[in-house]
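Asks: Here is a sequence with its predicted model. Questions after.
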Amino acid sequence: MRVVSPYFNSKSYIWAKGNLHSHTSISDGLYTPQEIVNKYASNGYDFLMISEHDMVYEPNGMDSRGMILIKGSEVTLEGPHILHVNATNNVFHYPDRQKVINEIVEDGGFAIINHPNWEENFNHCPQALLEALQNYTGIEIYNGIVRRLPGNPNATDRWDLLLSKGRIVWGFANDDAHWEETFCVAWNVAQVEKLSLECILDALKNGRFYASTGVEIQKIEVKDRTFHISTRNATKCAVISMYGRRIFEVKGKDIVYELEEDLGFPYIRFEFWGEGEEQAWTQPFLIDND
Ligand SMILES: [Zn+2]
Ligand SMILES: [Zn+2]
């Protein structure tokens, strides 16, 4: 049995915090691009993507306030929304979302399926479509604006369904910032060797990050079958596995978990809860059971 961790084990690294989903007054957001950059920078963010609807925004001439700005868009019209991360060119909103994903990849970027549980039917992106689509990097397991809209901001249910069927997709938490209450509520924290666009994209593409709404993970270590994860402020930690079942839980801010030899499940992942709505989610650790 072998555990495949997406995280650095011993290498020295820094944590970089960022949001990949924000709208400005150029589309339907309340603030100008520079105002948004100022907001995130003053809240301690290291990277940010402005993701206008069906349009790649060129941040030329903007003061990045020390953050790494990632170019992107949200493919919106005619189907479930998809984030185009690290965009060079606009990708057309083809109703065939596979075509959208293929073009995003050809453009040198990667795709994240947005807010699957949004809308009154809790089904903005049907599970059958999530399963049929190929070559996307992740899904939003938490979307900040859906707190204020019909549906469920949380989509770990969709994620566990995919992971249980052997799909490798990463879980992202994003604000989907439009107006005041949707800023700085959900983010991703990447393990990077240095603060550069290249390192951040590499971490996000390869699952070397965790998603958060407030719990801060400080250390993730895997040695053989033993996991040590420390947080600054969790009050409860749990191990989640196939089809969402919770196989271990412990109170406090740290967790030490030894994987059972004969678990027989393809992955485990860790969830943390803190005060109020604070949570954090690691990416899945894949288990090679042969
Ligand atoms: Zn959207
Ligand atoms: Zn959006």
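Replies: Ah, there it is. Numbering: from 1, shown residues only. Ligands and ions are numbered 1, 2, ... in the order given.
Asks: Name the residues of the worst-scoring helix or strand of the chain on mean pLDDT that come out as buried.
Replies: Least confident helix or strand of the chain, by mean pLDDT, DSSP states H and E, is strand 2-4 with a mean of 93. Of the residues in strand 2-4, those buried under the neighbour-count criterion (16 or more other C-beta atoms under 10 Å) are residue 3. No exception for glycine: its C-beta is placed from N, CA and C like everyone else's.
Asks: now stretch 96-105
Replies: Counting neighbours by 16+ other C-beta under 10 Å, one finds that the buried residues in stretch 96-105 are 97, 100-105.
Asks: Out of the residues you listed, which sit inside strands?
Replies: Among the buried residues of stretch 96-105, no residue falls in strands (DSSP state E).
Asks: Widest-spaced pair of those?
Replies: Set against one another by C-beta to C-beta, these have their most distant pair in 97 and 105, with a gap of 12.7 Å.
Asks: does residue 157 sit in a helix or strand, and which one?
Replies: helix 156-164 (DSSP states H and E).
Asks: average pLDDT for that helix?
Replies: Averaged across helix 156-164, the pLDDT comes to 98.
Asks: next SSE after that helix?
Replies: With secondary structure assigned by DSSP H and E, helix 156-164 is succeeded by strand 170-174.
Asks: Would you tell me what helix or strand residue 218 is located in?
Replies: strand 217-223.
Asks: ok, and what's touching that strand?
Replies: 3, 5, 7, 9, 189, 210, 227-232, 272, 280, 282, 285 (C-beta atoms under 8 Å, 6 or more residues apart in numbering).
Asks: Please report how far residue 144 lies from ligand 1.
Replies: Residue 144 is 11 Å from ligand 1, where distance means C-beta to the ion, to the nearest Å.
Asks: Pretty sure that residue sits against residue 175.
Replies: Yes: counting by C-beta atoms under 8 Å, residue 144 touches residue 175, with 4.1 Å between them.
Asks: hmm, back to that, which of the buried residues of stretch 96-105 sits closest to residue 268?
Replies: residue 101 (27.4 Å).
Asks: What's opposite the residue nearest to that closest one when sequence neighbours are not counted in the beta bridge?
Replies: Excluding its sequence neighbours, the residue lying closest to residue 101 (C-beta to C-beta, 6 or more residues apart in numbering) is residue 111, at 4.7 Å. Residue 111 forms beta bridges with residue 84, as assigned by DSSP bridges.
Asks: Contact distance from ligand 2 - what residues of the stretch 101-250 of the chain qualify?
Replies: Counting by C-beta under 5 Å from the ion, the positions of the stretch 101-250 of the chain adjacent to ligand 2 are residue 176.
Asks: residues from the stretch 101-250 of the chain in reach of ligand 1?
Replies: Residues of the stretch 101-250 of the chain that fall close to ligand 1, judged by C-beta under 5 Å from the ion: residue 114.
Asks: which residues touch the one residue in the stretch 101-250 of the chain that gets nearest to ligand 2?
Replies: Nearest residue of the stretch 101-250 of the chain to ligand 2, counting by C-beta to the ion: residue 176, 4.4 Å away. Contacts for residue 176 (C-beta under 8 Å, 6+ apart) come out as 21-23, 114-115, 140, 143-146, 182.
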